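Asker: sequence plus the predicted model coming up.
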Amino acid sequence: MAALIRYRWRTCCMAVTLLAAGFALSGCAGMSETVAPAFADPARYELYDCKQLEGERKGLANRTADLQRLMDKAQTGAGGAVVSELAYRNDYVAVRGQAQMAEDAWRRNRCRETPPEAMPAAAPAPATNPGPIKPAPKSTRAVR
């Protein structure tokens, strides 16, 4: 009887320990979104002008979207959540931090989006017929 009580007590303690570990790890997963700026250099975009910041912001947005797609794709497979976290989460957090720093610099510089071109410039018309194309002169040297 005492062995059965000890067995149940041990099982209950293990279940509580695993539950506590699960809560602790789930807290770490939610924390990464708020820590993103810690992974970026705050002075990186200080000397960028608006044109450079616009290109950088678009590149970071594309990279963030790519990483998010990769993470979503990895999560569809067996053990995908673990693979997603190990393979892509650090890069994702770093890029999000860089994007946030670029956004801060964008606001500080009071930059505006450049409007897209209404119509691309027309290509110049090709020159009229310049005449027949002459073949290159043949070499007198023999190829060995």
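Answerer: That came in fine, so what should we check first?
Asker: quickly find the element holding residue 54.
Answerer: helix 50-74 (DSSP states H and E).
Asker: show me what the next helix or strand after that helix is packed up against.
Answerer: Using DSSP H and E, the helix or strand that follows helix 50-74 towards the C-terminus is helix 80-108. Judged by 3 or more Cβ pairs under 8 Å, 6 or more residues apart in numbering; DSSP states H and E, helix 80-108 is in contact with helix 50-74. For glycine as for every other residue, the C-beta is placed from the backbone atoms N, C-alpha and C.
Asker: please list the residues outside the helix holding residue 54 that contact it.
Answerer: Applying Cβ atoms under 8 Å, 6 or more residues apart in numbering, the contact partners of helix 50-74 are 45, 48, 80, 83-84, 87-89, 91-92, 95-96, 98-99, 102-103, 105-106, 109, 111-114.
Asker: and with 6 Å instead?
Answerer: Identification of contacts with helix 50-74 by Cβ atoms under 6 Å, 6 or more residues apart in numbering yields 80, 83-84, 88, 91-92, 95, 98-99, 102, 105-106, 109, 111.
Asker: and those residues, which are buried?
Answerer: Buried by 16 or more other Cβ atoms under 10 Å: 84, 88, 91, 92, 95, 98, 99, 102, 105, 106, 111, out of these.
Asker: from residue 78, how far off is the third one?
Answerer: If I follow you right, that is residue 91. To residue 78, residue 91 is 22 Å away according to Cβ to Cβ, to the nearest Å.
Asker: also residue 41?
Answerer: Residue 41 sits at a distance of 37 Å from residue 78 (criterion: Cβ to Cβ).
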